[in-house]
Each structure stands twice: as C-alpha cells, then as structure tokens.
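Asks: task: produce atomic coordinates for the following.
(one chain, ligands or ions: 1)
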Amino acid sequence: MLIADHISYETGKRMLVKDVSFSIRPGEMLVILGANGAGKSTLLRMLSGERTPSKGSLTLHDKEVSHYSSPELALKRAVLNQQNIVNMAFMAQEIVMMGRYPHYQNNPSAKDREICEEVMKLTGTTHLAERSYLSLSGGEQQRVQLSRILVQIWDIPNALLLMDEPVSGLDLQYQQQTLAIAKALSKRGFMVISILHDINLAAQYADRILMLKNGRKWYDGTASEVLNTKNIYEVFEIDSDVFTNPKTLKPFFIPKNTTVNLSSLS
Ligand SMILES: Nc1ncnc2c1ncn2[C@@H]1O[C@H](COP(=O)(O)OP(=O)(O)OP(=O)(O)O)[C@@H](O)[C@H]1O
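Replies: Below is the predicted model:
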C-alpha cells in the first residue's frame, strides 16, 4: 500500500504541492487530473522517490519512500516520465532490456528475455526490436519506453506503476491499449497511478480520480462522484456538458466551444 499523509513540496519559497493526503491499495488504478502547472508531476516525483516531501509522510509498504535505497526502489516501483532522452543509437530491444538491469548481475537470464519478449508483444513493439531507437517515431519511442518500465516490475507482486501522461503522443488504438494494460496490471495486484489530460479516458479506466488544483487535492472519488460540470469548471475553467454513457454508465465529457476575441491588426 502507498500512503501519502499530508505531503507538501516546497522549492525556493514556492509551495508546488500543498498538504495532499491519499492512499492506494494493490488492485487499484488511480488517475490524477488537473490543469497545467497544478502540481501533478511534482506529486508523482514525490511518489516515485525522486523528490522528498518537504512536509508530511509518504510510505510504500509501511516504509518511508525516502528510506529506500535506489536499488530497493527499482524493485518496488517503475516510473514512466513525460520525456525520456536517449542520445545513443541503442536498438529498441536494448532499451527495453535496460528495464531488467535491477534484476541481474552480468547477463540477462532466459527469464529476463522472456519477459521482454512478452511485454514487447503486448505494447506492439516486437517488430521494432532491432531498429535504432533514434530512428523511431515519437509514438513508437513512447511504446518502447513503456515496455522498459513494464519489464522492470513485471514479476514483482504489488508493484507501484507511476506514469506521467503515458498516452500523450499515442494514436487512438495505443491510447486504449496502454491504459488497458495498466488496468489489467492493477487487476493483477499492481498499484497504478497515472497522470492524464483526457477526462474521458480517465472516466473509462480509473477506479478513482484525484483532481488537483493549485497544488492541492481538490476532489478524490470515483469518476461518477467527481466528474461533473461544476467540478470540471472549478478545476479546468472550462464549460462542458457531462452525460452518462448509457453503455458503461460512466461520465462522458463534451467541452463547449471556446471563443477568442482577437484584437484588430490595424
Ligand atoms: N524546480 C522547480 N522550481 C520552481 N518551480 C517549479 C519547479 N518544478 C516545477 N515548478 C512549477 O511548479 C508548478 C507545478 O509543476 P508541475 O510540473 O508539477 O505541474 P503539472 O501539473 O505536472 O503541469 P503540466 O500539466 O503542465 O505537466 C508549475 O508552476 C511549475 O512551473
């Protein structure tokens, strides 16, 4: 279980995340929503152990995240960041195998290879295995990076999977596929936390949604509990209609047109 108890993050004199509390159990998929600059990535960086909360307590399996060593954390949680910079011409399958580094000493075992193959099949990257990573399209690179973090924790029970905008550059098929994989892993016992910008995808896949505003937790609940016209306006400052999808009984969001008045050029 991951428990955030009144955590804040301060840098320079700015509070980027303020007094956020929530917990997640194995088997759950939590989506974080919020406007640009709301503090989502900063929160995720604390959850991953990359940043230490300035205040509050953050425990993973009953131990403060900041008390884990890096090798220990690598066997408990994996993180998909928004940007993954690779400058060298590794093959896609080499990038994926990097995710297994915490599991072996000198050479990957047959099990390490099997896991990489299985995950690459699932993420639709098998045909890219021997291509140079640098020659791949943005979406293909993203799926290779997703594979790398999945192989890292594939065989770890109750692992924590953290993803920062995992579908931002993906086509419609792979947006669904990526979140379906995350959902299936949560059902297998993972704790999944993902930042998304698409409210309808959040409604479709999240067991719970945490809405952030100005670094604070604004709403926390199921899609039906938190996704309504009023809350969406409060958090995103956008007018919308929210219906119930008659097939899934989940909320379905349609933004209203925004008009912009441009000043005259004369
Ligand atoms: N190291 C830093 N020093 C100062 N300000 C920072 C630092 N890192 C982030 N910020 C600021 O903190 C706020 C929250 O940033 P964060 O990246 O967490 O937002 P976000 O909700 O993930 O936004 P986005 O949707 O645009 O990715 C932003 O205003 C950002 O400019």
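Asks: where exactly do the strands run in the stretch 1-150 of the chain?
Replies: With DSSP state E, counting those that start in this stretch as the criterion, the stretch 1-150 of the chain has strands at 2-11, 14-24, 29-34, 55-60, 63-64, 77-80.
Asks: pLDDT of the fourth one, averaged?
Replies: Looking at strand 55-60 alone, the average pLDDT works out to 98.
Asks: for the fifth one, same thing?
Replies: Averaged across strand 63-64, the pLDDT comes to 97.
Asks: just checking: what are the partner strands of that strand?
Replies: strand 55-60 (antiparallel) (DSSP bridges).
Asks: same deal with the last one?
Replies: Using DSSP bridges, the strands paired with strand 77-80 are strand 160-164 (parallel).
Asks: just to revisit the earlier point, nearest to K256, out of the strands of the stretch 1-150 of the chain?
Replies: strand 29-34 (18.3 Å; C-beta to C-beta). C-beta: built from backbone N, CA, C; applies to glycine.
Asks: can you check what angle separates the closest one from strand 2-11?
Replies: With axes from the mean of the first three to the mean of the last three C-alpha atoms, to 10 degrees applied, the angle from strand 29-34 to strand 2-11 works out at 20 degrees.
Asks: what does strand 29-34 contact?
Replies: Under the criterion C-beta atoms under 8 Å, 6 or more residues apart in numbering, residues 22, 24, 40, 43-44, 182-183, 186, 191-197, 199, 202, 205-213, 218, 235 lie in contact with strand 29-34.
Asks: and if you look at stretch 250-266?
Replies: Contacts for stretch 250-266 (C-beta under 8 Å, 6+ apart): 199-200, 203-204, 223-224, 227-228, 232, 238-245.
Asks: what subset of those is buried?
Replies: Buried residues within the contacts of stretch 250-266, counting neighbours by 16 or more other C-beta atoms under 10 Å: I199, N200, A203, Q204, A223, L227, N228, I232, V242.
Asks: quick one: which of these sit in helices?
Replies: Of the buried ones among the contacts of stretch 250-266, the ones assigned to helices by DSSP state H are I199, N200, A203, Q204, A223, I232.
Asks: run through the residues of the chain sitting next to the ligand.
Replies: T11, G12, R14, L16, G34, N36, G37, A38, G39, K40, S41, T42 (C-beta under 6 Å from any ligand atom).
Asks: report the two of the residues you listed separated the most.
Replies: G12 and G34 (20.9 Å).
Asks: and the two? Which one has more around it.
Replies: The neighbour comparison of G12 against G34 (other C-beta atoms under 10 Å) goes to G34, with 22 against 5.
Asks: who's that one bridged to?
Replies: G34 has these beta-bridge partners by DSSP bridges: L212.
Asks: so for it, what's the pLDDT?
Replies: On the pLDDT scale, G34 gets 98.
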